[in-house]
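Undergrad: quick one, what's the 3D model for this:
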Amino acid sequence: MNITVQQGEIQKKAADVLVVNLFDGTRPSGASGAVDKAIGGQIAAAIDLGDFRGKSGETLLLYTQGRVPSPRVLVIGLGQAKDFDLEKARTAAGTAISALAHLGAKNAATILHGTGAGKLAVAAAAQAVAEASLLAAYRFDGYRAHDRSHPLKKLSVIEIDRGKLKEARQGIQRGNSIAEATCLARDLVNHPGGDATPAYLARTARRLAKSQGLRCQVLDEKGIKRLGMHALLAVGQGSANKPRFIALEHGPKSGAPLVFVGKGITFDSGGLSLKSVEGIRNMKTDMSGAAAVLGAMQAVAALGLKRRIVGLVAAAENMPSSTAFRPDDVLKTLAGKTIEIISTDAEGRLVLADALSYASRYKPAAVVDLATLTGACVTALGHHASGLFANDDRLATRLLNAGEITGERLWRLPLWPEYRQQINSEIADMKNSGGRPAGASTAAALLAEFADYPWAHLDIAGTAWSQNNKPYVPQGGVGLGVRLLTQLALDWSDKQ
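TA: Numbers count the residues shown, from 1 in each chain. The predicted model follows:
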């Protein structure tokens with residue numbers, strides 16, 4: 001989909017469909033008022049008849065009967081003006097794209113959502129429209145015989161004020177870059193584990209490095225062993241698809257970087273602690289943290305951020321075999337600390353332990369790791385927020401703010417000393433499971449042992465995969481974390 005910004009009056013534009021909007025309980029005004037007047041007051045009539053109110057997600061389709069150059073008008077409800085924010089703007093744009101798909105529209109013209117009421121800055125509103133439009137149009141068709149691509153090929157954003165065109169174009173460009181990076185992450189998550197192996201993630205990283213000007217290093221099984229990442233090595237040793245450790249770097253070669261770390265378990269069978277038939281379904285998604293890191297690195301490079309940013313991915317496939325690691329094994333990590341294995345299905349924290357230790361060599365300003373880590377976090381927060389753990393309040397606040405801006409919400413959970421006591425081991429420095437009680441916090445407590453810098457852990461087990469279609473999130477891989485990490489990087493670059 002090609003998204004452009006044009007100056008003019010939307011009622012005078014020729015397209016398959018014109019998209020305007022209305023707040024709940026208001027009358028047509030501004031652009032929607034101009035369109036309403038041009039088509040003989042049909043919007044106002046629908047409001048008077050009670051057919052349309054402007055509730056969030058509500059749509060109204062009207063036919064212009066030749067009164068304007070476009071044959072149809074789609075009115076999108078924005079909800080209450082007092083509640084309107086960037087997420088509501090994305091919801092409106094995504095709702096419009098879904099409606100346009102049903103109409104088979106190939107080109108459409110839209111106004112920005114929420115700027116007329118002074119709720120949103122032009123650039124932010126434009127970014128929201130671009131992001132949500134591209135994300136709503138996303139389809140994963142690589143394994144289908146027939147293409148299901150969205151029919152809409154051209155979306156024109158119409159702005160009447162010539163003085164706002166530059167801001168609008170900047171917002172569209174930023175939204176395009178971030179949405180494309182999110183779609184990359186979605187593709188990675190949606191690919192079957194038999195195809196998206198650790199080696200596949202490594203090839204993707206190299207491809208990104210070449211196309212985006214990133215620096216890239218990939219360690220294979222021998223390199224991982226030579227470095228001393230025995231926890232990562234153990235998790236992957238039961239599979240024919242051997243582990244990889246990936247480092248991508250953007251920006252200056254010196255200075256304290258912002259580091260992103262992703263769990264890249266490309267398929268999680270549970271290993272010898274084998275999952276149930278129900279539990280093993282969709283375990284191709286266990287590399288969603290890695291997908292988010294790769295997507296975020298594409299985004300920060302495309303946006304040209306000046307700050308040094310590093311992305312690390314610990315990739316392995318957790319499979320049962322005669323060579324797989326076992327319960328009761330004791331693993332030595334890159335940091336030299338040892339971990340007793342209680343369950344081989346608690347493997348994500350093991351690969352992250354080595355990756356977090358590796359991050360220390362950068363002397364980072366801050367590190368954020370993302371992982372589909374625990375079912376306990378899903379039990380606590382459902383599918384509506386990711387769990388946030390942090391040893392630094394300032395970093396936690398920045399992440400919470402980024403979550404509010406992007407709609408990828410976070411909820412902070414505790415890291416009290418009692419949770420660390422739950423993973424005490426009688427024969428090693430710690431064990432990899434503290435049992436069912438507070439499973440998300442005990443997993444985070446293990447990770448905290450390897451973070452000697454400002455650090456945050458995001459447990460995205462409940463948010464990385466969507467079971468239902470939402471306005472700009474189709475069922476399947478969400479690509480969650482790309483927009484959040486990119487927003488954090490943008491905020492970090494602006495303030496430091």
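
Undergrad: tell me the buried residues in stretch 266-285?
TA: 266-273, 275, 282-285 (16 or more other Cβ atoms under 10 Å). Yep, even glycine has a C-beta here, placed from its N, CA and C like the rest.

Undergrad: figure out the length between the terminal residues of that stretch.
TA: Stretch 266-285 has an end-to-end distance of 7 Å (Cα to Cα, to the nearest Å).

Undergrad: ok, and what's touching it?
TA: With Cβ atoms under 8 Å, 6 or more residues apart in numbering as the test, stretch 266-285 has contacts from 189-194, 196-198, 200-201, 235, 238, 241, 265, 286-287, 315-320, 324-327, 343-345, 347-348, 372, 464-465, 477.

Undergrad: list the ones among the buried residues of stretch 266-285 that fall in strands.
TA: Of the buried residues of stretch 266-285, the ones assigned to strands by DSSP state E are 266-268.

Undergrad: quick one, strands of the stretch 201-350 of the chain?
TA: 215-219, 244-250, 258-268, 309-318, 330-332, 338-340 (DSSP state E, counting those that start in this stretch).

Undergrad: any weak-confidence spans in the stretch 51-200 of the chain?
TA: Within the stretch 51-200 of the chain, the segments meeting pLDDT under 70 span 117-118.

Undergrad: can you pull out the helices in it?
TA: Per DSSP state H, counting those that start in this stretch, the stretch 51-200 of the chain carries helices over the ranges 86-103, 122-136, 165-190, 198-212.

Undergrad: mind listing residues that contact the last one?
TA: This points to helix 198-212. Residues contacting helix 198-212 (Cβ under 8 Å, 6+ apart): 188, 191, 214-216, 218, 236, 241-244, 246, 248, 250, 264, 266, 287, 290, 294, 297-298, 301-302, 313, 315-317.

Undergrad: Glu249 touches Arg307, doesn't it?
TA: No: if you go by Cβ atoms under 8 Å, Glu249 and Arg307 don't touch, sitting 11.5 Å apart.

Undergrad: intersection of neighbour lists for the two?
TA: Counting by Cβ under 8 Å, 6+ apart, the residues touching both Glu249 and Arg307 are Pro257.

Undergrad: pick the most buried one from the helices of the stretch 51-200 of the chain.
TA: helix 122-136 (a mean of 27; mean count of other Cβ atoms under 10 Å).

Undergrad: now do that helix: which elements does it pack against?
TA: Applying 3 or more Cβ pairs under 8 Å, 6 or more residues apart in numbering; DSSP states H and E, one finds that helix 122-136 makes contact with strand 2-7, helix 86-103, strand 154-159, helix 165-190.

Undergrad: tilt between the last one and helix 198-212?
TA: Just to be clear, that refers to helix 165-190. Here helix 165-190 runs at an angle of 160 degrees relative to helix 198-212 (axes from the mean of the first three to the mean of the last three Cα atoms, to 10 degrees).

Undergrad: so who does Lys263 touch?
TA: 286-290, 314, 348, 351-352, 369-373.

Undergrad: out of the residues you listed, which comes closest to Leu458?
TA: Taking Cβ to Cβ as the measure, Leu458 lies nearest Leu370 of the contacts of Lys263, at 4.7 Å.

Undergrad: doesn't the closest one belong to a strand?
TA: Yes: assessed with DSSP: H, G, I helix; E, B strand; the rest coil, Leu370 lies in a strand.

Undergrad: hang on, the earlier thing: so can I have a markdown table of the strands of the stretch 201-350 of the chain showing distance to Gly41 and mean pLDDT?
TA: Formatted as a markdown table, those follow (distance: least, Cβ to Cβ, whole Å; pLDDT from 0 to 100):
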| stretch | distance to Gly41 | mean pLDDT |
| --- | --- | --- |
| strand 215-219 | 59 | 98 |
| strand 244-250 | 53 | 98 |
| strand 258-268 | 52 | 98 |
| strand 309-318 | 53 | 98 |
| strand 330-332 | 72 | 98 |
| strand 338-340 | 70 | 98 |
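
Undergrad: related to what we said a few turns ago, now the helices and strands packed on helix 122-136 as CSV including distance to Gly228?
TA: As requested, the helices and strands packed on helix 122-136 are exported to CSV (distance: least, Cβ to Cβ, whole Å):
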stretch, distance to Gly228
strand 2-7, 48
helix 86-103, 44
strand 154-159, 51
helix 165-190, 28
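
Undergrad: out of those, nearest to Arg27?
TA: Comparing the helices and strands packed on helix 122-136 by Cβ to Cβ, helix 86-103 comes nearest, at 18.1 Å.

Undergrad: now do the closest one against strand 154-159: the angle between them, please.
TA: Using the same axes, to 10 degrees: helix 86-103 against strand 154-159 is 140 degrees.

Undergrad: other SSEs contacting helix 86-103?
TA: Against helix 86-103 (3+ Cβ pairs under 8 Å, 6+ apart) you get strand 17-22, strand 59-63, strand 72-77, strand 107-110, helix 122-136.

Undergrad: against Gly66, how distant is the residue located most distally from the centre of the chain?
TA: If you look at how far each residue of the chain sits from its centre, by Cα atoms, centre = their mean, the farthest one is Gly40, at 42.9 Å. Gly40 is 11 Å from Gly66, where distance means Cβ to Cβ, to the nearest Å.

Undergrad: okay, and the common contacts of those two?
TA: Joint contacts of Gly40 and Gly66 (Cβ under 8 Å, 6+ apart) do not exist.

Undergrad: tell me how far stretch 69-87 is from the chain's mean position?
TA: 24 Å (Cα atoms, centre = their mean, to the nearest Å).

Undergrad: for it, buried residues please.
TA: 70-79, 81, 84-87.

Undergrad: Ser70 contacts Ala109, doesn't it?
TA: Yes: with contact defined as Cβ under 8 Å, Ser70 reaches Ala109; the gap is 7.1 Å.

Undergrad: where do the contact lists of the two overlap?
TA: Counting by Cβ under 8 Å, 6+ apart, the contacts common to Ser70 and Ala109 are 13, 15, 17-18.
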